[in-house]
Each structure stands twice: as structure tokens, then as C-alpha cells.
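A.B. asks: using only what follows, build the 3D model:
(one chain, ligands or ions: 1)
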Amino acid sequence: MSQIIDTNNLPKHIAITMDGNGRWAESKGKIRAFGHKNGVKAVRDTVEAAAEIGIKFLTLYAFSTENWSRPKSEINALMSLLVSAINKETKTLMNNNIKLSTIGATDSLPSKAKKELNEAIEETKGNTRMTLILALSYSGRWEILNATKNLIADGINHEKINEQIFQQYLTTKSVPDPELLIRTSGEYRISNFLLWQIAYSELYFTNRLWPDFRRQDLEKAILNYQNRERRFGKTKKQIQN
Ligand code: FPP
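C.D. replies: You can find the predicted model right below:
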């Protein structure tokens, strides 16, 4: 890599839509589950690399609310991959001082997946180098509706509601908004991911299919981010001052 990552200008939070597992498998004449299986290797490499680079929060879109409408066999394959990956990789999370957490309607996951996740969350809760957040049975609209229902249930006066209070009702309440959102596989969509939180995120799209995504791809995305000017609605001059 010709350019070096500036460690003083790292995104604190990177979110990734891991897309292209199915196409990767189909291009090799294999079933889609084979793509997901190889997607786990990309997850491991990316998680380790992010922690080593100094990223504090990494959110991976592992299973969307809409993914429940996939064929039962594919859902089962994804759930058992999740269980075995968590089971196998909790040690790696401990060795790398990484805390695991989730966002989404995780109550709707199979009980085995819930159990495995809860154990790993409990075991890694004291880790401090990076937080790995798995979005499972997650969608941005679900989250915003959920927050609204809870605000009403808590009897919060509508006059009092502002961005800070609303944000306290989101599943990401203790996590800063992602500065960088990466999507693989050449698709240019948000697909219901972190709709509230990406208001000012930089978007990075790559043609790489998720199972082929590696540390160098993450580094490339971070370098690309570091070459952008973030203005948050202000002028260039205001930012320079
Ligand atoms: C998108 O590819 C990928 C998913 C829906 C699942 C991602 C899951 C994993 C990588 C494995 C389990 C995760 C963890 C965190 C251990 P796609 O199937 O939509 O691909 P396509 O667009 O080519 O069909």
C-alpha cells in the first residue's frame, strides 16, 4: 500500500454491509451456503484488522429483518454458521480484547443462537480494545419504530423530544454514529441499515464480493475516507477555520 493510514484521523466506528456471498458461491458453481461459510473467513480477517488498526466500533450487518423471507434452508445454514462461528471465535475475541454485542430483534433468533450469543457477550463484556456489534434480525425502520413505541410507552412529552432523547431510544444508544459505511459486491444501496445513524456517514462501495474481502480492502476504504473532506452541511471555509 503506497499510502499510510493516519492513526490520528481514524473513523471511530465503521459499519459494513457484507454483500455478495451468494454470487461468490454461484460463480463457483456452489450452493449459497458455501458463500456464507467463506464469508465467515472475511469476518474474522476484518475484525482482527479493524482492532489492530485502532477502530473502536465495528458493526456488521449479518442478518436483516428482510432476510427472514429467504428459503428456510438458507436461514438454517446462516443460523448454524452464526452459532459455530461465535462458539469458535470467542477465544479470538478474548485474545484480541474485543467485546461482542448485538443490535436487532435478537429475541426472534433460534434459542441456540441466542444462548451462544449471550454466553459470548457475557464472556467478552470486560474487553476494551474494540466493540464488535452484530446486526441480527435488524433493520433501520424496525429500530426507529421501536424507539418511537418506547418513547410513547415511557410517556415522554412530545415537546421534550429532540435528537439527543430520540437517540437514547435507539439500539446504538451508547455507540457513536459510524463515520464510514462500507458495502461490498458493487451494490449501491443502504438496504435499511442504520438509517438514523448514517446521516453524515461517508459511504464507500467496492466491487469486492464479501468472501474475498480482506485487511487490504479495509485499509483501502479507510484511506479513501481519510482523503475526503467532511463538512456536515458547512462551507469549506467554515471547516478550515
Ligand atoms: C449477504 O450476501 C450476506 C448475508 C445475508 C449474510 C452474512 C453472513 C455471514 C458473512 C456469515 C455469518 C456471520 C457472522 C457474523 C459470523 P448475499 O447472500 O445477499 O449475497 P448475494 O447478494 O450475492 O445473493
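
A.B. asks: quick one: contacts for residue 36?
C.D. replies: Residues near residue 36 by Cβ atoms under 8 Å, 6 or more residues apart in numbering: 21, 25, 74, 77, 78, 81. C-beta: built from backbone N, CA, C; applies to glycine.

A.B. asks: go with 7 Å
C.D. replies: 21, 77, 78, 81 (Cβ atoms under 7 Å, 6 or more residues apart in numbering).

A.B. asks: restrict those to contacts with the ligand.
C.D. replies: The residues of the contacts of residue 36 that also fall near the ligand, by Cβ under 6 Å from any ligand atom, are 21, 78, 81.

A.B. asks: which one of the residues you listed sits closest to the ligand?
C.D. replies: Set against the ligand, the nearest of the ones next to the ligand among the contacts of residue 36 by Cβ to the nearest ligand atom is residue 21 (3.7 Å).

A.B. asks: sorry, back to before: which one of the contacts of residue 36 sits in the busiest neighbourhood?
C.D. replies: In terms of neighbours by other Cβ atoms under 10 Å, the contacts of residue 36 top out with residue 21 at 24 neighbours.

A.B. asks: how about that residue: what's its closest non-neighbour residue?
C.D. replies: residue 35 (3.5 Å; Cβ to Cβ, 6 or more residues apart in numbering).

A.B. asks: quick one: buried residues of the host helix or strand of that neighbour?
C.D. replies: Assigned by DSSP states H and E, residue 35 belongs to helix 32-53. Of all the residues in helix 32-53, those buried under the rule 16 or more other Cβ atoms under 10 Å are 32-40, 42-43, 45-51, 53.

A.B. asks: relative to helix 32-53, how tilted is whatever helix or strand comes next after it?
C.D. replies: Heading C-terminal from helix 32-53, the first helix or strand you meet, by DSSP H and E, is strand 57-64. Orientation check (axes from the mean of the first three to the mean of the last three Cα atoms, to 10 degrees): strand 57-64 against helix 32-53 gives 170 degrees.

A.B. asks: near the ligand, which residues of the chain are found?
C.D. replies: By Cβ under 6 Å from any ligand atom, the residues of the chain that approach the ligand are 18-23, 32, 36, 39-40, 43, 60, 62, 67, 78, 81-82, 85, 134, 185.

A.B. asks: okay, stretch 37-57 in PDB with CA atoms only?
C.D. replies: Output of stretch 37-57 as PDB, limited to C-alpha atoms (Å, rounded to 0.1, in the frame of the first residue of the first chain):
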ATOM      1  CA  LYS A  37     -19.300 -20.200   5.100                       C
ATOM      2  CA  ASN A  38     -16.400 -18.400   3.300                       C
ATOM      3  CA  GLY A  39     -18.000 -15.100   4.400                       C
ATOM      4  CA  VAL A  40     -17.100 -16.100   8.000                       C
ATOM      5  CA  LYS A  41     -13.300 -16.100   7.000                       C
ATOM      6  CA  ALA A  42     -13.800 -12.500   5.800                       C
ATOM      7  CA  VAL A  43     -15.500 -11.600   9.100                       C
ATOM      8  CA  ARG A  44     -12.600 -13.000  11.100                       C
ATOM      9  CA  ASP A  45      -9.900 -11.200   9.000                       C
ATOM     10  CA  THR A  46     -11.800  -7.900   9.000                       C
ATOM     11  CA  VAL A  47     -12.500  -8.000  12.800                       C
ATOM     12  CA  GLU A  48      -8.800  -8.700  13.600                       C
ATOM     13  CA  ALA A  49      -7.600  -6.000  11.200                       C
ATOM     14  CA  ALA A  50     -10.100  -3.400  12.500                       C
ATOM     15  CA  ALA A  51      -8.900  -4.000  16.100                       C
ATOM     16  CA  GLU A  52      -5.300  -3.800  15.100                       C
ATOM     17  CA  ILE A  53      -5.800  -0.600  13.100                       C
ATOM     18  CA  GLY A  54      -7.400   1.000  16.200                       C
ATOM     19  CA  ILE A  55     -11.100   1.100  15.200                       C
ATOM     20  CA  LYS A  56     -13.200   1.300  18.400                       C
ATOM     21  CA  PHE A  57     -16.600   0.100  17.000                       C
END
